[in-house]
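[1] build the 3D model from these lines:
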Amino acid sequence: FFWLSRGCCRKMAAELVEAMNMVKSFRVSDLQTLLASMGRSKSGLKQDLVGRALRLVQTECSPELLKNIRQLYESRFPKAPGWLAPRRPPELLPASYPARSPPPPAATAAAAAVAAAATAPQGTDYLNGLAKPPSSDVRLVDLPFYHTLETLLPPTELIPQNSEKLQDSPCTFELTHSQVDQIRNSRELRPGMKSVQVALRICYMDSSSPQEDQYPPNIAVKVNQAYCHVPGYYPSNKPGVEPRRPCRPINVTPWLHLSTATNRITVTWGNFGKRYCVALYLVQVFTSADLFSKLKRFSVESSERCRELIQDKLRFDPDSEIATTGLRVSLICPLVKMRLGVPCRVLTCAHLQCFDAVFFLQMNEKKPTWTCPVCDKPAPFALLIIDGLLSDILTETDEEVEEIEYLADGSWRPIRAEKEKERERERSNTPEFPTVDICSPEANGHSPAHSSTSLSGKSGVTGGAVVDLTQDSSSEEEEGGGAGDSEDTDDSQDSPQPKRGRYGYDKDLVTAY
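    Below you'll find the predicted structure:
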């Protein structure tokens, strides 16, 4: 009974691992279908859906859930004979996971290749169990933050071993004593020493041009039986857009044996028709401060050369119908909207507008795009220059100056901001209005409102019509005749008495202009 229960536990554990592997290969629509069938929320990004589905498998591993996972996987991969995504040969399965069925012929061939690689002499085992790497003309692009010291494994194609969608490609290599010393010395952070790492790079199998780093689907890297960290996804600010994963060299140094012992790296990748190759390098890693020091040392364009460039751009062309007399350049960095510290631009760009070199290098260290922030054209580090003329202008001008204009003779002049122009225009065009004291009552006892009306009338303001809001229409009609009689009798008087309403208020209190 004990061995029977132990075998059942092993079988359930193997099925759980298989189900989790299949969930990781699902698309967004498959994940949403699975979560909806189990009554879970299907909203969110792909990594949220994957995490939610994996937690569901771990917590509620029911037969219904396993059946749904199997159906979704078989509907996507109809050619898969079993329902374990990466079916490994029995020789590579852990001792606690027994083989479920005899491996197919392709898996048997893969097992034979792995067994042959295990019996080969140390230091000669390469990717996919080959005795030496196949000839490949694939070249990877040079990265500004990485300097290649040695090539541990040249670009080698990832060859699928069977018809499964997920493939495992093993690789073994050894470090020499000098390589181990370089890595250890860099960890001590001695002055002048840079970080030395073992970097794993993956790209497309294309020899027509230098290739950029490109990860295959469902990538996972295991170094000496421990999973290595692979860069995650960048969050997307646009709704409905899946995050993008940055493809850069993978640092495998923390999981290596820093000795002459054999290191084993296994790359798990999705076989969906595209061809990939992998390479290992011993590299020296630079920081943005290191690249900035290199830029100041070797890539500064003199002020004379900048003036010649300005004169060439503003030279009169008789064939052109439009004559350009000046070029405006902003002293504000388009990246951070602050005043430029170190003006930098790209040699191949047609504009003279610069951006801040320090911020540009720091942003590419975090998220390498190498794109000009002014015109969105490629801006590789090798083509960056520091504008010497604009650097001198920044030191000569005040902080308030935000824009300048280059003239045809190579000189320049500051351009005042529009706010300052408006401020001066307001100062020069502000009219002088007379001051009226509305707080002093008149001698006839009228209210301050009536007094202000009288004073404003004296200063040239047209008087208003008097409206009495304290009487209704009937009372106004009754009093209208009497008012007319009083006006006829008092025409000879110079200052008539103020008219009063029903409640004793002055009728001059409400004035309509």
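[2] all strands in the stretch 51-200 of the chain, in order from the N-terminus.
    In the stretch 51-200 of the chain, the strands defined using DSSP state E, counting those that start in this stretch lie at 146-157, 166-174, 195-204.
[3] how about the ones you listed in a markdown table, adding distance to Phe292, mean neighbour count and mean pLDDT?
    Quick note: C-beta positions are derived from backbone N, CA and C, even for glycine. Listed next are the strands of the stretch 51-200 of the chain as a markdown table, based on distance: least, CB to CB, whole Å; neighbours: other CB atoms under 10 Å; pLDDT from 0 to 100:
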| stretch | distance to Phe292 | mean neighbour count | mean pLDDT |
| --- | --- | --- | --- |
| strand 146-157 | 16 | 17 | 93 |
| strand 166-174 | 34 | 20 | 90 |
| strand 195-204 | 17 | 21 | 93 |
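[4] count of neighbours near the closest residue to Thr148 other than its chain neighbours?
    With sequence-adjacent residues excluded and distances taken as CB to CB, 6 or more residues apart in numbering, Thr148 is closest to Tyr281, at 5.1 Å. Other residues near Tyr281 come to 20 when the count uses other CB atoms under 10 Å.
[5] show me what contacts Tyr281?
    By CB atoms under 8 Å, 6 or more residues apart in numbering, the contact set of Tyr281 is 146, 148-152, 198-199, 201, 249.
[6] give me that answer again for 7 Å
    Shown in contact with Tyr281 (CB atoms under 7 Å, 6 or more residues apart in numbering): 148, 151-152, 199, 201.
[7] can you tell me the SS state at it?
    strand (DSSP: H, G, I helix; E, B strand; the rest coil).
[8] bridged to it, which residues?
    Tyr281 forms beta bridges with Thr151, Ala199, as assigned by DSSP bridges.
[9] where does this structure have low pLDDT?
    Flagging of the chain using pLDDT under 70 yields the residue ranges 1-13, 77-136, 188-194, 235-236, 241-242, 316-323, 417-423, 429-513.
[10] shouldn't Asp290 be within a strand?
    No: counting by three-state DSSP, Asp290 falls outside a strand, being helix.
[11] near it, how many other residues are there?
    Count around Asp290 with other CB under 10 Å applied: 16.
[12] the one 5 residues further on now?
    The local packing of Leu295 (other CB under 10 Å) involves 20 other residues.
[13] check contacts around it.
    357, 384, 386.
[14] for the second one, grab phi and psi.
    Translated: Leu384. phi -80, psi 140 (degrees, to the nearest 10).
[15] do the same with the one 10 residues further on
    Note on Leu394: backbone dihedrals following degrees, to the nearest 10 are phi -60, psi -30.
[16] and the closest residue to it other than its chain neighbours, how far is that from Met22?
    Nearest residue to Leu394, sequence neighbours excluded (CB to CB, 6+ apart): Leu340, at 6.0 Å. Distance, Leu340 to Met22, using CB to CB, to the nearest Å: 53 Å.
[17] cool, and Leu54?
    11 Å.
[18] and these two? which has more neighbours close in?
    Using other CB under 10 Å as the criterion, Leu54 and Met22 rank with Met22 on top: 27 against 14.
[19] so which of the strands of the stretch 51-200 of the chain gets nearest Val138?
    Closest to Val138 of the strands of the stretch 51-200 of the chain, according to CB to CB: strand 146-157, at 4.1 Å.
[20] helices or strands up against the closest one?
    For strand 146-157, the elements it packs on are strand 166-174, strand 276-285, judged by 3 or more CB pairs under 7 Å, 6 or more residues apart in numbering; DSSP states H and E.
[21] what angle separates that strand from strand 276-285?
    Here strand 146-157 runs at an angle of 160 degrees relative to strand 276-285 (axes from the mean of the first three to the mean of the last three CA atoms, to 10 degrees).
[22] and the contacts of strand 146-157?
    126-127, 133-134, 136, 138, 140, 171, 173, 179, 198-199, 205, 249, 275, 277-286.
[23] how about stretch 253-265?
    122, 170-175, 177, 180, 183-184, 197-198, 221, 223-224, 226, 228, 252.
[24] hmm, 8 Å instead?
    Residues contacting stretch 253-265 (CB under 8 Å, 6+ apart): 122-123, 170-177, 180, 183-184, 197-198, 200, 221-226, 228, 252, 280.
[25] and if you look at stretch 331-339?
    340-341, 353-356, 359-360, 363, 373-374, 393-394, 397, 399, 401-404.
[26] may I see the buried residues of that stretch?
    By neighbour count on 16 or more other CB atoms under 10 Å, the buried set for stretch 331-339 is 331, 333, 335-336.
[27] quick one on the thing from earlier: distance to Ser75 and neighbour count added to the contacts of Leu295, as CSV?
    As requested, these are exported to CSV (distance: CB to CB, whole Å; neighbours: other CB atoms under 10 Å):
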residue, distance to Ser75, neighbour count
Ala357, 53, 25
Leu384, 51, 22
Ile386, 58, 19
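[28] let me know the closest of these to Glu308.
    When these are compared against Glu308 (criterion: CB to CB), the nearest one is Ile386, at 16.4 Å.
[29] for the closest one, which non-adjacent residue is closest in space?
    Val300 (4.6 Å).
[30] if I pick that neighbour, what's in contact with it?
    Residues in contact with Val300 (CB under 8 Å, 6+ apart) are 385-386, 388.
[31] at 10 Å instead, please
    Going by CB atoms under 10 Å, 6 or more residues apart in numbering, Val300 touches 342, 344, 385-388, 391.
[32] sorry, back to before: count the neighbours of the residue nearest to Leu394 for me.
    Residues lying near Leu340 (other CB under 10 Å) number 25.
[33] that one against Ser330, yeah?
    Yes: with contact defined as CB atoms under 10 Å, Leu340 reaches Ser330; the gap is 8.6 Å.
[34] shared neighbours, these two?
    In terms of CB under 10 Å, 6+ apart, Leu340 and Ser330 are both contacted by the residues Cys354.
[35] can you dump the C-alpha atoms of stretch 219-239 in CSV for me?
    Taking Å, rounded to 0.1, in the frame of the first residue of the first chain, the C-alpha atoms of stretch 219-239 are listed here in CSV:
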residue,chain,number,x,y,z
ILE,A,219,12.6,31.0,-23.6
ALA,A,220,14.1,29.6,-20.3
VAL,A,221,17.7,29.3,-19.4
LYS,A,222,19.0,26.8,-16.8
VAL,A,223,22.6,27.0,-15.7
ASN,A,224,23.9,24.0,-13.6
GLN,A,225,20.4,22.9,-12.7
ALA,A,226,19.3,26.4,-11.6
TYR,A,227,17.1,28.7,-13.7
CYS,A,228,18.8,31.9,-14.8
HIS,A,229,17.1,35.3,-14.7
VAL,A,230,15.9,36.4,-18.2
PRO,A,231,14.9,40.1,-18.7
GLY,A,232,11.2,40.6,-18.2
TYR,A,233,8.7,42.6,-20.1
TYR,A,234,8.4,46.4,-20.3
PRO,A,235,5.0,47.6,-19.1
SER,A,236,2.9,49.1,-21.9
ASN,A,237,1.1,52.5,-21.4
LYS,A,238,-1.4,51.8,-24.2
PRO,A,239,-4.5,49.9,-23.3
